[in-house]
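Visitor: Test case, fold it:
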Amino acid sequence: MNTRTDNTILTVRTRSLGTWTIAAALACMAVLIGVRPAAAQEAMIDVAADNPGPAISPMLYGLMTEEINHAYDGGLYAELIRNRAFKDDAKQPVHWSVVASGGAAATMTLDRENPVNATGLPVSLKVAISALPNGGRAGVTNEGYWGVPILAATKYTVSFYARCEKGFDGALTINLVPENGSVAGPWTGPVTIGEQWKKYEITLENSNLKTPSKGCLEIVTNKPGTFWLSQVSLFPPTYKNRANGNRIDLMERLAEMRPAFLRFPGGNYLEGDTIAERFDWKKTIGPLEGRPGHRCCWSYPSSDGFGLMEFLYWCEDLKMAPVLAVYAGYSLRGEHVEKPAELKPFIQDALDEIEFVTGPTDTTWGRKRAELGHPAPFALHYVEIGNEDCFDKSKSYDSRYAQFHDAIKAKYPQLQLIATMRVNGRRPDVIDDHYYRSAVDMQHDVHHYDKTDRKGPKIFVGEWATVEGKPTPTLNAALGDAAWMTGMERNSDVVVISCYAPLFVNVNKGANQWNTNLIGYDSLTSFGSPAYYAQVMFAQNRGDVVLPVKIDAPASKRMTVVRKPRTPRPQKKTEKPRPVTIDPLYATASRDKATGEVILKLVNVTDEPIDAKIRIAGAGTIAAQAKAIVLTGERLDQNSVAEPTKIAPHEETIDNAGAEFARKLPARSITVLRLKAG
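Guide: Sure, this is the predicted structure:
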């Protein structure tokens with residue numbers, strides 16, 4: 001998630017109080033010269049269906065993910081209890097509170113004596129109730145991730161470890177309590193616990209609550225005494241009923257994107273701030289009570305409930321190919337491993353990880369995967385070695401990449417290896433490029449890959465976004481994204497895979513660390529941004545082969561835009577404002593071989609409609625009736641929890657299509673046309 005160091009990038013990150021923050025100019029469209037063109041004039045758009053270009057990569061559109069903005073814990077991962085294992089803070093049980101009413105007296109403290117185990121559950125919560133008059137209530141409550149979602153007619157699964165002191169004859173009652181404070185039950189009968197650790201699992205089903213509410217989980221008892229809790233978990237129904245699974249609404253939004261692959265586990269999340277805080281995959285598999293968790297590089301703890309198997313199940317559930325990133329010996333604060341002998345354990349760890357993903361059951365790690373419930377290997381074609389190693393000031397990536405490359409190719413010659421930067425000494429199969437820019441720069445650089453060497457390596461645009469809008473993109477950002485995507489799709493013989501980043505953001509105050517993110521949510525609901533809908537429109541309408549497109553737009557519609565100065569890096573001089581010329585219209589075309597349809601994608605970035613004459617050559621007869629999908633609105637419009645579809649695409653039926661026809665392209669719009677040809 002860091003930005004590249006070349007001069008095309010508009011964002012940088014600086015360290016502030018130990019937390020990464022954005023220090024960049026993101027509103028480059030604020031100063032415009034000549035944006036509003038003269039009266040509407042006709043633009044000519046010619047599609048050469050009789051002169052098809054390169055095949056479009058079936059892997060072109062996918063997902064990139066990492067633990068940022070509470071993307072997993074408090075996001076996609078459906079666990080509703082925050083700090084479930086009491087490890088988020090060494091001194092106090094954060095996100096937990098004491099319940100004591102009706103004259104009751106209670107305390108709670110962290111306890112490291114007699115834990116459930118020393119690996120994943122080395123600490124427990126000690127709850128001591130010294131007084132509990134009749135009619136009183138005492139125990140503890142968890143606030144969840146900015147509120148526990150309590151839904152009507154929904155079954156929840158609660159599990160926890162518990163024990164009590166000798167002589168305690170009370171029982172535990174588990175409730176979900178809405179914001180209004182009334183118990184939304186009855187939920188369950190009392191749970192009797194003993195003096196030894198035991199795992200309890202119950203089902204909660206609301207019978208009183210009629211409307212959704214944010215609330216908390218409450219564990220209370222009816223007698224004074226002391227009891228201990230560990231790994232308190234609460235799950236709603238999950239996508240495809242996966243145990244330890246994913247949030248349904250977010251998975252459904254991802255499914256709409258029809259992603260071809262998932263790049264995981266990140267991003268900076270792969271590297272960690274230090275080597276000890278990297279994504280150590282072997283510690284993320286197996287039962288939850290054995291996973292120690294680790295500190296995420298975005299300033300909050302990661303439970304590792306979302307581990308390597310969960311990533312692979314995510315791929316399986318959405319029929320995505322895994323793109324596996326392996327730790328390559330560099331972490332964000334500069335700690336790195338360079339000497340060949342010292343790097344060997346990390347190389348072996350990567351080989352073990354690949355074997356875990358792909359190995360048959362007669363291999364060590366393939367057998368381990370089978371023991372965890374998945375005997376069949378997962379298909380794997382791409383492995384990325386490291387992440388954004390251009391930030392390694394030691395300049396050690398050439399040698400580190402070479403060692404990983406040689407070891408992986410020797411055992412898995414069929415795998416395509418991705419380098420995170422240009423390297424010497426070894427030729428990677430794919431290079432990972434990252435771009436975080438303004439809409440102006442995305443549009444200005446839309447021809448970036450037109451002259452790229454077709455002999456390779458191929459390109460993976462592994463992180464990219466138009467960074468305008470907080471916490472999710474504006475429509476103007478979506479226009480920048482769509483223009484950029486026309487360039488990637490047109491050059492898909494070189495750009496074989498791509499994915500927007502970041503994918504997720506919890507929109508609650510204090511939950512996000514990055515300004516512009518594709519999909520937003522709170523504990524109850526979620527929404528796609530205008531940029532999300534642009535992704536959906538492009539991915540759902542990907543043809544098989546590129547068709548050449550020529551655009552002849554009136555000169556009066558070209559725009560001169562003054563780029564605002566970027567925030568300088570310490571070693572750079574302040575950049576002066578400079579004008580750049582932006583085309584009014586961007587396009588790409590393709591052919592769907594199965595249906596014969598010609599698919600035309602058009603992006604009007606101006607503030608006026610464009611009257612376009614569209615001519616399709618060599619496609620045979622074009623049916624008069626066709627489909628248009630249109631996204632349009634005001635530049636600064638955003639979607640939100642309150643207005644989730646303020647900017648959303650709508651479908652239209654066209655009745656005047658043909659080999660030559662007219663179409664008005666709305667101001668500030670993305671349009672997809674599907675033309676039936678035969």
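
Visitor: Please count neighbours and contacts with C-alpha atoms only from this point.
Guide: Fine.

Visitor: separation between L125 and G62?
Guide: When distances are taken as C-alpha to C-alpha, to the nearest Å, L125 and G62 turn out to be 41 Å apart.

Visitor: Then A619?
Guide: 30 Å.

Visitor: Neighbour count for the two, which is higher?
Guide: For A619 versus G62, neighbours defined as other C-alpha atoms under 10 Å are more numerous around G62 (25 against 20).

Visitor: Could you give the bridge partners of the more buried one?
Guide: In this structure, G62 has the following beta-bridge partners (DSSP bridges): C499.

Visitor: my guess is it contacts S498, does it?
Guide: Yes. A contact is recorded between G62 and S498 when judged using C-alpha atoms under 8 Å, the distance being 6.2 Å.

Visitor: and D398, that one's in a strand?
Guide: No. When DSSP: H, G, I helix; E, B strand; the rest coil is applied, D398 is found to be helix, with no strand at that position.

Visitor: Enumerate every residue touching it.
Guide: For D398, the residues meeting the contact criterion (C-alpha atoms under 8 Å, 6 or more residues apart in numbering) are 423-425.

Visitor: make it 7 Å
Guide: 423-424 (C-alpha atoms under 7 Å, 6 or more residues apart in numbering).

Visitor: Look up how far K627 lies from it.
Guide: For D398, the distance to K627 equals 50 Å [C-alpha to C-alpha].

Visitor: quick one: stretch 159-168 to chain centroid distance?
Guide: For stretch 159-168, the separation from the chain centroid amounts to 39 Å (computed by C-alpha atoms, centre = their mean, to the nearest Å).

Visitor: how about that stretch: buried residues?
Guide: By neighbour count with 16 or more other C-alpha atoms under 10 Å, stretch 159-168 contains the buried residues 159-164, 168.

Visitor: and what of stretch 97-116?
Guide: Along stretch 97-116, these residues count as buried under the neighbour rule (16+ other C-alpha under 10 Å): 98-100, 104-108, 110-111, 115-116.

Visitor: One more: stretch 268-286?
Guide: Using 16+ other C-alpha under 10 Å as the burial criterion, the residues of stretch 268-286 that qualify are 268-275, 277-281, 283-286.

Visitor: Using CSV, list the CA coordinates for stretch 292-301.
Guide: C-alpha atoms of stretch 292-301 as CSV (Å, rounded to 0.1, in the frame of the first residue of the first chain):
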residue,chain,number,x,y,z
PRO,A,292,-1.4,-16.3,18.6
GLY,A,293,-2.3,-13.3,16.4
HIS,A,294,0.0,-10.4,15.7
ARG,A,295,0.1,-6.7,15.4
CYS,A,296,-1.1,-5.3,12.1
CYS,A,297,1.2,-2.6,10.5
TRP,A,298,-1.8,-0.2,10.4
SER,A,299,-1.7,0.4,14.2
TYR,A,300,-4.2,-2.2,15.5
PRO,A,301,-4.0,-6.0,16.4
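
Visitor: contact partners of that stretch?
Guide: Outside of stretch 292-301, the residues that reach it under the criterion C-alpha under 7 Å, 6+ apart are 19-20, 67-68, 88, 119-120, 268-269, 272-273, 277, 283, 302-304.

Visitor: separation between the residue nearest the centre of the chain and A407?
Guide: Among the residues of the chain, the smallest C-alpha distance to the mean C-alpha position (C-alpha atoms, centre = their mean) belongs to L503, namely 2.8 Å. Going from L503 to A407 by C-alpha to C-alpha gives 32 Å.

Visitor: Can you list the low-confidence ranges for the stretch 1-150 of the chain?
Guide: Applying pLDDT under 70 to the stretch 1-150 of the chain flags the ranges 1-41.

Visitor: the strands in it, which residues?
Guide: Assigned by DSSP state E, counting those that start in this stretch, the strands in the stretch 1-150 of the chain fall at 13-16, 19-22, 32-33, 42-48, 61-64, 96-101, 105-111, 124-131, 137-142, 148-150.

Visitor: Kindly reformat the ones you listed as JSON lines containing distance to P322.
Guide: Shown next, in JSON lines, are the strands of the stretch 1-150 of the chain (distance: least, C-alpha to C-alpha, whole Å):
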{"stretch": "strand 13-16", "distance to P322": "28"}
{"stretch": "strand 19-22", "distance to P322": "28"}
{"stretch": "strand 32-33", "distance to P322": "42"}
{"stretch": "strand 42-48", "distance to P322": "35"}
{"stretch": "strand 61-64", "distance to P322": "10"}
{"stretch": "strand 96-101", "distance to P322": "37"}
{"stretch": "strand 105-111", "distance to P322": "39"}
{"stretch": "strand 124-131", "distance to P322": "36"}
{"stretch": "strand 137-142", "distance to P322": "35"}
{"stretch": "strand 148-150", "distance to P322": "31"}
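
Visitor: which one of these lies closest to I347?
Guide: For the strands of the stretch 1-150 of the chain, proximity to I347 was assessed by C-alpha to C-alpha; strand 61-64 is nearest, at 23.3 Å.

Visitor: follow-up on the earlier one: how about the residue nearest to the centre of the chain, what does it touch?
Guide: When contacts are counted by C-alpha under 7 Å, 6+ apart, L503 is found next to 64-65, 517-519.

Visitor: Please, where are all the helices along this protein?
Guide: According to DSSP state H, the chain carries its helices in the segments 248-256, 268-271, 308-317, 340-358, 364-371, 397-411, 439-444, 475-490, 530-539.
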